[in-house]
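1. this one's structure only:
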């Protein structure tokens with residue numbers, strides 16, 4: 001099936017923004033103004049990018065589905081408080097399992113990762129520090145994962161921290177209380193927008209690329225979306241004033257933030273700068289030169305590394321439950337964050353690219369020599385909902401127009417299409433078996449047609465940002 005292009009092939013430049021939308025899925029003007037106001041004092045390396053599925057979640061300072069590149073400074077509030085929230089896709093080597101096997105699989109997952117979570121230590125203090133410094137490599141060693149799987153994780157699951165003080169400074173800078181709380185949970189799925197979905201490859205759109213990635217028609221896939229873990233949210237709150245946080249996190253930070261930032265040496269001027277940066281509302285920039293910049297960059301990288309390790313720990317559990325419930329092996333296809341701050345080249349000069357609920361889309365030229373993705377570029381997951389199909393994509397040649405970024409989902413567009421009557425019931429009357437944390441038995445949820453998700457993906461593909469590789473149809477989900 002062909003994904004039709006909607007709305008032409010040229011992104012609109014609207015008063016300093018690069019906007020990828022269409023007549024059927026237009027960007028909200030009020031939210032566009034919010035992006036402008038949130039970036040107007042930044043030293044921008046390029047116009048901020050707005051992608052499909054542009055929406056605003058009340059807990060966030062900025063709208064979702066954006067990419068903002070700055071020079072000489074970072075702005076933590078341009079992305080999510082909890083860095084390295086992300087998604088992964090893995091494949092099973094058996095046909096679609098029986099309903100009984102699916103129920104057993106989800107029973108094991110809910111038992112391992114209950115909501116609310118159990119409160120007992122899963123890591124030692126030293127292991128928390130290792131996860132933050134070593135990233136996915138720590139999880140691979142801890143849980144017996146083949147190191148080759150790290151080739152499928154963005155940045156191989158680790159950002160180097162040595163230039164910002166390394167493990168020694170991490171040990172000094174990470175507050176004792178934050179580390180102790182991070183010991184309590186390592187890996188998980190969780191409710192709300194996070195999910196664990198079983199799917200079938202319904203349609204292969206790029207056979208050569210699909211074969212290279214190990215994808216074929218009729219294959220069973222496991223797609224999951226989870227956060228970066230306790231430590232990432234703590235560091236996000238510690239190094240910025242955030243709009244929303246749990247009651248426990250706010251109580252923790254009422255004590256920890258002053259201890260971390262206001263009792264440091266440096267005199268009254270440095271104290272005022274730190275107070276303005278970490279305690280006041282708004283989107284302040286943090287210059288990267290000097291010791292304060294190194295502190296923030298170290299914290300950002302520790303959070304990213306911990307998130308990579310956390311998601312790989314989740315993969316280790318899912319691999320075990322696939323074996324026990326399905327008699328199957330699970331192989332990782334791709335693991336990619338969609339809340340990140342990376343140092344990248346923009347117009348040939350170093351910049352910090354902040355992606356908020358948006359995934360990096362590096363082309364094959366940018367990944368020359370990569371052991372897994374040199375021929376495809378960084379694979380991208382563009383989910384629909386558990387009532388529609390999702391897509392596995394790869395970057396297309398014009399990805400530079402969006403700062404090499406694609407949206408991480410299409411849920412808001414699907415919702416708009418359904419409410420407006422442009423999307424309706426699935427013509428084939430398929431259902432998704434939906435598991436939740438608040439009831440033992442699953443429910444059969446009727447699926448929708450794919451009008452909404454197709455419209456969103458068509459904006460990306462019509463503008464030359466991505467190439468859809470395969471359509472994935474859900475048959476069970478935990479959310």
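-> Looks like it arrived, so ask away. Keep in mind that this is a model prediction, so the values were computed, not measured.
2. and the residue nearest to residue 227 when sequence neighbours are not counted, what's its pLDDT?
-> Taking CB to CB, 6 or more residues apart in numbering, and ignoring the residues beside it in sequence, residue 227 has residue 85 as its nearest neighbour in space, at 4.8 Å. The C-beta positions use only the backbone N, C-alpha and C, and glycine is treated the same way. In this model, residue 85 is scored at 96, pLDDT.
3. cool, and residue 8?
-> What the model reports as pLDDT for residue 8 is 38.
4. just give me the longest strand of the chain.
-> Counting residues, the longest strand in the chain under DSSP state E turns out to be strand 466-478.
5. sheet partners, orientation included, of that one?
-> Paired neighbours of strand 466-478 in the sheet (DSSP bridges): strand 195-204 (antiparallel), strand 390-395 (antiparallel), strand 431-435 (parallel).
6. can you list phi and psi of the residue nearest to residue 227 for me?
-> With angles defined as degrees, to the nearest 10, residue 85 shows backbone torsions of phi -60, psi 140.
7. for it, give its distance to residue 328.
-> 27 Å (CB to CB, to the nearest Å).
8. which one's more surrounded, the two?
-> Neighbours were tallied for residue 85 and for residue 328 using other CB atoms under 10 Å; the higher tally belongs to residue 85 (25 against 21).
9. my guess is the more buried one meets residue 233, correct?
-> No: assessed by CB atoms under 8 Å, residue 85 is found out of contact with residue 233, at 9.5 Å.
10. shared neighbours of those two, anything?
-> Among the neighbours of residue 85, those also in contact with residue 233 (CB atoms under 8 Å, 6 or more residues apart in numbering) are residue 227.
11. for the longest helix along the chain, what is the average pLDDT?
-> If you go by DSSP state H, the chain has its longest helix at helix 291-326. Per-residue pLDDT over helix 291-326 has a mean of 97.
12. how far is it from where the chain is centred?
-> Taking the mean C-alpha point of helix 291-326 and that of its whole chain, the gap between them comes to 11 Å (CA atoms, centre = their mean, to the nearest Å).
13. please enumerate the helices of the protein.
-> Using DSSP H, the helices of the chain run over 29-39, 99-112, 125-134, 136-143, 166-173, 176-182, 207-213, 230-238, 247-261, 267-278, 291-326, 411-419, 451-462.
14. as CSV, those with mean neighbour count would be great.
-> CSV is the format used below for those (neighbours: other CB atoms under 10 Å):
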stretch, mean neighbour count
helix 29-39, 16
helix 99-112, 17
helix 125-134, 22
helix 136-143, 22
helix 166-173, 14
helix 176-182, 18
helix 207-213, 17
helix 230-238, 26
helix 247-261, 15
helix 267-278, 14
helix 291-326, 23
helix 411-419, 20
helix 451-462, 25
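15. among the ones you listed, which is nearest residue 366?
-> Nearest to residue 366 among those is helix 207-213; the distance by CB to CB comes to 16.2 Å.
16. just to revisit the earlier point, could you dump the helices of the chain into JSON lines with distance to residue 382 added?
-> As requested, these are exported to JSON lines (distance: least, CB to CB, whole Å):
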{"stretch": "helix 29-39", "distance to residue 382": "20"}
{"stretch": "helix 99-112", "distance to residue 382": "24"}
{"stretch": "helix 125-134", "distance to residue 382": "29"}
{"stretch": "helix 136-143", "distance to residue 382": "23"}
{"stretch": "helix 166-173", "distance to residue 382": "34"}
{"stretch": "helix 176-182", "distance to residue 382": "31"}
{"stretch": "helix 207-213", "distance to residue 382": "15"}
{"stretch": "helix 230-238", "distance to residue 382": "23"}
{"stretch": "helix 247-261", "distance to residue 382": "31"}
{"stretch": "helix 267-278", "distance to residue 382": "35"}
{"stretch": "helix 291-326", "distance to residue 382": "18"}
{"stretch": "helix 411-419", "distance to residue 382": "11"}
{"stretch": "helix 451-462", "distance to residue 382": "6"}
